[in-house]
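# Need the 3D shape of this:
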Amino acid sequence: MNYYLKYLVLLSILNFSYSEGSKLFRCDYQYSSEAKGWFKYHVVPATWSEARLQCDLEGAVLASPTTPEIKAKMISFINSTGNEIISDAVFTGIHATFAKGAFYSIDGVPLSKIPHSWAFKEPDNKGNKESCLIIDSDGDLADLSCEETRPFICYRSESKKVNINECGTFDSEYRLDARTNKCYKFHPIPRIFTRAFFACAAEGGHLAIINSNTEAKVLSEIFAKYPERTLVGMPYKNVAFVGIHDWNEHADWRTIHGQTLAEAGFGTFSPGNPSNGAPGQYCGAIYRIGQLDDMYCDKLAAFFCEKSPDYNAPCALSN
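Residues are numbered from 1 along each chain as shown. You can find the predicted model right below:
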């Protein structure tokens, strides 16, 4: 009964999303009618490139003060923490990473078209290494090394239409499989294990955890849709990361949620594996045939993400 109730709630959300378009987005974002969009303040500091990627994976962009309303909302986030230990400035999406001094927002707006003021003695391009801009609690900009870490704010304009699918996400690459009642996404763009974990989490899911022979078969079928010739930029084309790791104990294979493989429901490795044939094979992967492998954590590989259809469901407008 609970399952059908959740299904009806999700169905009502889906119907609403198609009629209201951009008036739905992730529940971990706040909507601002003044700024005409959705915001999320990430308190944990990150480098500029990590912040850009986090926002992108969440379906947003690293916020830039391109309008007075967006700027005011960004300043309000900075001042809301009341914690100078965290930071009194956040990264913006304004950068000059392609050409020194040529500052543009993530979405291509040149700094010359963004009303702005500089903090005292800024910009100074200290050490000729400062190509990313931060904004402080007064709304002033300063340049900073992109490798420094700062909190950041993600923004999604309401002008972007949002169509929520059966997986409770705007990401059309997630597909629900009725056999497991889970949603899966195959990432053909390779990442190392930690970045794959990061990507799945940002999308509202996690690296796929295999709980049965049936689920292994589901992933194998998805993998088959991506022949080796379509996977570029990776040395290993027959394996993809999933959510198991030996937790640096060199035999204690568990899921990323801490379960043993027996507790999770699936632990079938391919013949001869796990071999730990060389240092670094501490991360789990699945072969195309649906069996597990111990994989180099720092090698690039495709990966599977998984999410529940009713997790991180979309929310309606909320000021």
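
# Need phi/psi at the nearest residue to C305 once chain neighbours are set aside.
The shortest distance from C305 to any non-neighbouring residue, by Cβ to Cβ, 6 or more residues apart in numbering, is to C200 (3.8 Å). Quick note: C-beta positions are derived from backbone N, CA and C, even for glycine. The phi/psi pair for C200 (degrees, to the nearest 10) reads phi -60, psi -40.

# just T194 next, same as before
Dihedral angles (degrees, to the nearest 10) for T194: phi -60, psi -40.

# Pop the domain breakdown of this structure in here.
Split into domains by automatic domain parsing, the chain comes to 37-157, 175-307.

# Adding mean pLDDT, mean neighbour count and distance to C27, write those out as a markdown table.
As requested, the domains of the chain are arranged in a markdown table below (pLDDT from 0 to 100; neighbours: other Cβ atoms under 10 Å; distance: least, Cβ to Cβ, whole Å):
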| stretch | mean pLDDT | mean neighbour count | distance to C27 |
| --- | --- | --- | --- |
| domain 37-157 | 93 | 18 | 10 |
| domain 175-307 | 93 | 18 | 10 |
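
# Of all those domains, which one is nearest C315?
domain 37-157 (9.3 Å; Cβ to Cβ).

# What residues are bridge-paired with I134?
In this entry, I134 is beta-bridged to F91, A142, by DSSP bridges.

# OK, contacts around it?
89-92, 141-144, 150 (Cβ atoms under 8 Å, 6 or more residues apart in numbering).

# Tell me the one among these nearest to W118.
L141 (5.6 Å).

# ok, that closest one touching H116?
Yes. L141 is within contact range of H116, at 5.3 Å (criterion: Cβ atoms under 8 Å).

# Can you show me the helices along the stretch 51-200 of the chain?
68-81, 193-202 (DSSP state H, counting those that start in this stretch).

# Make CSV out of those and add distance to G284.
Converted to CSV, those look like this (distance: least, Cβ to Cβ, whole Å):
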stretch, distance to G284
helix 68-81, 37
helix 193-202, 8
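
# closest to W247 out of those helices?
Nearest of the helices of the stretch 51-200 of the chain (Cβ to Cβ): helix 193-202, 12.5 Å.

# How about residues contacting the closest one?
Applying Cβ under 8 Å, 6+ apart, the external contacts of helix 193-202 come out as 53-54, 57-58, 187, 191, 206-207, 241, 243, 245, 256, 283, 295, 297-298, 301, 303, 305-306.

# If you count contacts, what does the next helix or strand after that helix end up packed against?
Going down the chain from helix 193-202, the next helix or strand is strand 206-207, by DSSP states H and E. Packing contacts for strand 206-207, counted by 3 or more Cβ pairs under 8 Å, 6 or more residues apart in numbering; DSSP states H and E, involve helix 193-202, strand 239-245, strand 301-307.

# Now with 6 Å, please.
In terms of contacts (3 or more Cβ pairs under 6 Å, 6 or more residues apart in numbering; DSSP states H and E), strand 206-207 is packed against helix 193-202, strand 239-245.

# how about TSV for the domains of the chain, with distance to C315 added?
Output for the domains of the chain, formatted as TSV (distance: least, Cβ to Cβ, whole Å):
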stretch	distance to C315
domain 37-157	9
domain 175-307	12
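
# To N163, which of the ones you listed lies closest?
For these, proximity to N163 was assessed by Cβ to Cβ; domain 37-157 is nearest, at 11.6 Å.

# can you give me the end-to-end distance of the closest one?
4 Å (Cα to Cα, to the nearest Å).

# Check stretch 264-281 too.
Stretch 264-281: ends 21 Å apart by Cα to Cα.

# got a list of contacts for it?
Stretch 264-281 is contacted from outside by 210-212, 216, 255, 261, 287, 291-294, 296-297, using Cβ atoms under 6 Å, 6 or more residues apart in numbering.

# so which pair among those is furthest apart in space?
Top of the distance list for these (Cβ to Cβ): S212 and Y296, 26.6 Å.

# for the stretch 151-300 of the chain, what spans make up the strands?
175-177, 182-191, 206-207, 239-245, 254-255, 283-287, 292-295 (DSSP state E, counting those that start in this stretch).

# In its sheet, which strands sit next to the second one, and in what direction?
It stands for strand 182-191. Per DSSP bridges, strand 182-191 is paired in its sheet with strand 175-177 (antiparallel), strand 301-307 (antiparallel).
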